[in-house]
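**Student:** Sequence first, then the predicted structure:
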Amino acid sequence: MLEKFAKDDRLEQMSAQRRRQKQLEHQREVQTLIEARRTALAVERASQAERLAEEQQIAEERRRIIEEERQLILQQHAEQLFGYLPKGVIKNENDLEFMGPAYKAEYCPKSRNLVDLVEKSLVSTQQAAKNDRNSVSSSSSNNMRK
């Protein structure tokens, strides 16, 4: 009977040891899979970042080429189309450099005069408000003295 118990005990110890070994093996496999996934994700992120940078570079190159062609077309044809160009074609004063003196006379002074008028009206409004405040404060101080 004791022999049978000893034999059963050994078998139980062996099966417990096998179970622990299988659990450890399973844990190692899980860790290996986790590392493989992390590596794959890192590679995918790097690939996406590289593609995004490449797409941005292509888009920037495309914008640069379009701007160069726009300026070239303005330089070659804008003088003949005086008065027919739609709004937005002339983006800034640098675009007027490519065109003739008629464009500069037509477009440049108006924008400057408009800015000057706005600045003058703003200054006069500020001065009027300041004068109103001064007159209110002086009249209130005179009323307090009486």
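**Tutor:** Okay, I see it.
**Student:** I'd like the average pLDDT over the helix or strand that contains residue 42.
**Tutor:** Assigned by DSSP states H and E, residue 42 belongs to helix 2-77. The pLDDT scores in helix 2-77 average 92.
**Student:** which helices and strands does the helix or strand that comes right after that helix pack with?
**Tutor:** Moving toward the C-terminus from helix 2-77, the next helix or strand (DSSP H and E) is helix 93-96. Helices and strands touching helix 93-96, by 3 or more Cβ pairs under 8 Å, 6 or more residues apart in numbering; DSSP states H and E, are helix 101-145. (C-beta placed from N, C-alpha, C; glycine too.)
**Student:** From the domain annotation, what segments belong to each domain of this protein?
**Tutor:** 1-77, 86-146 (automatic domain parsing).
**Student:** Take the ones you listed and write them to JSON lines, including mean neighbour count.
**Tutor:** As requested, the domains of the chain are exported to JSON lines (neighbours: other Cβ atoms under 10 Å):
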{"stretch": "domain 1-77", "mean neighbour count": "10"}
{"stretch": "domain 86-146", "mean neighbour count": "11"}
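**Student:** from the chain's centre, how far out does the helix holding residue 42 sit?
**Tutor:** Its chain's average C-alpha position is 28 Å from that of helix 2-77, according to Cα atoms, centre = their mean, to the nearest Å.
**Student:** mind checking how far the most centrally placed residue in the chain is from residue 42?
**Tutor:** Per Cα atoms, centre = their mean, the C-alpha nearest to the average position across the chain is that of residue 56, at 11.8 Å. Per Cβ to Cβ, to the nearest Å, residue 56 is found 21 Å from residue 42.
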